[in-house]
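Engineer: This is the structure alone, sequence omitted:
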């Protein structure tokens, strides 16, 4: 009998706000039904791993410094992207498919061509 292989799925989001956490939770519920193991790589996520909704999920928090200085903001964002990319590389043997969610499509380093929205 043909056995369907379940995928290990990763979700990348550069930040999780109090508003977007509900969208992430809904996506997590959908993905958990088809995924063997779910990893979430999230930058600037304060209460993500303390929520009971995410108990059976591997949460990888990426520390991101905020700044009011324009140059510091650019440097900190580049560092955030580098940290996310390093985490993706470290998890490459544990995750089969990556989903870039709520702002993840704007990341430059993981590599993706931007679509023209005009």
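Structural biologist: Structure's in. What do you need? Treat the numbers as computed from the prediction; the structure is a model and nothing was measured.
Engineer: now the strands for this protein?
Structural biologist: If DSSP state E is used as the criterion, the strands of the chain fall at 7-13, 35-43, 58-62, 97-100.
Engineer: In JSON lines, list those along with mean neighbour count, mean pLDDT and distance to residue 79.
Structural biologist: All C-beta spots, glycine's among them, are computed from the backbone N, C-alpha and C. Shown next, in JSON lines, are those (neighbours: other CB atoms under 10 Å; pLDDT from 0 to 100; distance: least, CB to CB, whole Å):
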{"stretch": "strand 7-13", "mean neighbour count": "22", "mean pLDDT": "90", "distance to residue 79": "16"}
{"stretch": "strand 35-43", "mean neighbour count": "21", "mean pLDDT": "88", "distance to residue 79": "10"}
{"stretch": "strand 58-62", "mean neighbour count": "18", "mean pLDDT": "86", "distance to residue 79": "9"}
{"stretch": "strand 97-100", "mean neighbour count": "15", "mean pLDDT": "90", "distance to residue 79": "18"}
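Engineer: Show me where the chain dips below the pLDDT cut-off.
Structural biologist: 1-5, 44-51, 102-118 (pLDDT under 70).
Engineer: Can you name every helix or strand that the top helix by length along it contacts?
Structural biologist: When the chain is parsed with DSSP state H, its longest helix is helix 70-90. Contacts defined by 3 or more CB pairs under 8 Å, 6 or more residues apart in numbering; DSSP states H and E place helix 70-90 against strand 7-13, strand 35-43, strand 58-62.
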